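Participant: Here's my sequence, what's the structure:
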Amino acid sequence: MTVLVVAEHDNASLKAATLNTIAAAAKLGGDLAVLVAGSGAGAAAEAAAKVAGVAKVLVADSAAFADQSAENLAAQIVAVVNAAGGAISHVLAPATTFGKNVLPRVAALLDVAQISDIVGIESADTFVRPIYAGNALATVKSADAVKIITVRTTAFEAAGEGGSGAVEQVAAVADAGLSKLVGRELTKSARPELGAAKIIVSGGRGMGSSENYHKVLEPLADKLGAALGASRAAVDAGYVPNDYQVGQTGKIVAPQLYVAVGISGAIQHLAGMKDSKVIVAINKDPEAPIFQVADYGLVADLFDAVPQLVSAV
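Facilitator: Model (predicted):
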């Protein structure tokens, strides 16, 4: 039995979510292989080979993968699975935008069901995944010959280094020509990446405006060395861009410390952060749902409390 992990990477290095996915894959037993499909992705492949537990790294290097288009990547994954002649039993990818974009296509092409967003592995064919915005857990058993799985990365510790996997080249599929990347707008920040940050400061509708959001929360985030996040309400109101959103339809995070400022705690938001190790909530409404999951709660006007907190840190 071979378990295949589809690496999320930028050609130069692996994304942190891939390490969590490898840790989940290791729990399945069998040989662990990592597929690195990219253009000039030798550095990412070498990094994958050094991850503990990885037996083999398959490298598909082609200009067709330069933009990481889902159509080409899905075709490559299917080609690798078919070439294995039934040896590959599981295909895993992180439940990030990348994995959610690619793996459903793979499942459709292989005519099997996808098991999405797993948080636990009970056996090689039985998995646990959240439903109803995380308010219930479903145990799913699959009889498919190939299990297509996305992994909630916050549920598994990242795999460490110490591996010495063999690196093999595999034949790259031709460009399907179904899509073309026209442009990419990258958000550059000196702060940690939201999905991998150990400390996150998030603001909600209570911030009142984009100006208030940045004026009040940025000094706190700078003091704590934190990433900035937001509720869906704050994003919808235009306070911050979409990539700040934490929640069921945003990023799922589980930092060491999560500071929720002016966030009421709608179920959509709680689904994305309630696994944080320590949750601090600041809200002037004592009945706000966020206090039900908070380890520490402060009922106060955020415009008074946050500046005081900044000066005290």
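Participant: Per-residue pLDDT of the residue nearest to residue 154 when sequence neighbours are not counted, please?
Facilitator: Nearest in space to residue 154, with sequence neighbours left out and distances taken as CB to CB, 6 or more residues apart in numbering, is residue 254 at 3.6 Å. From N, CA and C alone the C-beta is placed, and that goes for glycine too. Predicted confidence (pLDDT) for residue 254: 92.
Participant: quick check, residue 254 in a strand?
Facilitator: No - read with DSSP: H, G, I helix; E, B strand; the rest coil, residue 254 is coil and lies in no strand.
Participant: That one touches residue 276, doesn't it?
Facilitator: Yes - using CB atoms under 8 Å, residue 254 and residue 276 qualify as a contacting pair, with a distance of 5.5 Å.
Participant: who has more neighbours, these two?
Facilitator: A direct count of neighbours by other CB atoms under 10 Å for residue 254 and residue 276 places residue 276 higher, at 23 against 17.
Participant: element containing residue 101?
Facilitator: Using DSSP states H and E, the element containing residue 101 is helix 97-110.
Participant: Would you report the backbone torsion angles of the residue nearest the centre of the chain?
Facilitator: Closest to where the C-alpha atoms of the chain average out (CA atoms, centre = their mean) is residue 96, at 3.8 Å. As for residue 96, its main-chain torsions (degrees, to the nearest 10) stand at phi -100, psi -180.
Participant: That one and residue 308, how far apart?
Facilitator: For residue 96, the distance to residue 308 equals 36 Å [CB to CB, to the nearest Å].
Participant: go on, residue 201?
Facilitator: Here residue 201 is placed at a distance of 15 Å from residue 308 (CB to CB).
Participant: more crowded one of these two?
Facilitator: residue 201 (28 against 10).
Participant: In what element of secondary structure is the more buried one found?
Facilitator: strand 199-203.
Participant: any weak-confidence spans in the protein?
Facilitator: Within the chain, the ranges that satisfy pLDDT under 70 run 186-187.
Participant: go with 50
Facilitator: Along the chain, no part satisfies pLDDT under 50.
Participant: Next, count neighbours for residue 79.
Facilitator: Applying other CB under 10 Å, I find that residue 79 has 16 neighbouring residues.
Participant: Now do the buried residues in stretch 64-78.
Facilitator: Residues of stretch 64-78 classed as buried by neighbour count (16 or more other CB atoms under 10 Å): 64-65, 67-78.
Participant: no no, stretch 192-212
Facilitator: 192, 194-197, 199-208, 212.
Participant: mind listing the helices for the stretch 101-250 of the chain?
Facilitator: Using DSSP state H, counting those that start in this stretch, the helices of the stretch 101-250 of the chain run over residues 210-224, 232-236.
Participant: possible to save the ones you listed as a markdown table with distance to residue 21?
Facilitator: Shown next, in a markdown table, are the helices of the stretch 101-250 of the chain (distance: least, CB to CB, whole Å):
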| stretch | distance to residue 21 |
| --- | --- |
| helix 210-224 | 28 |
| helix 232-236 | 26 |
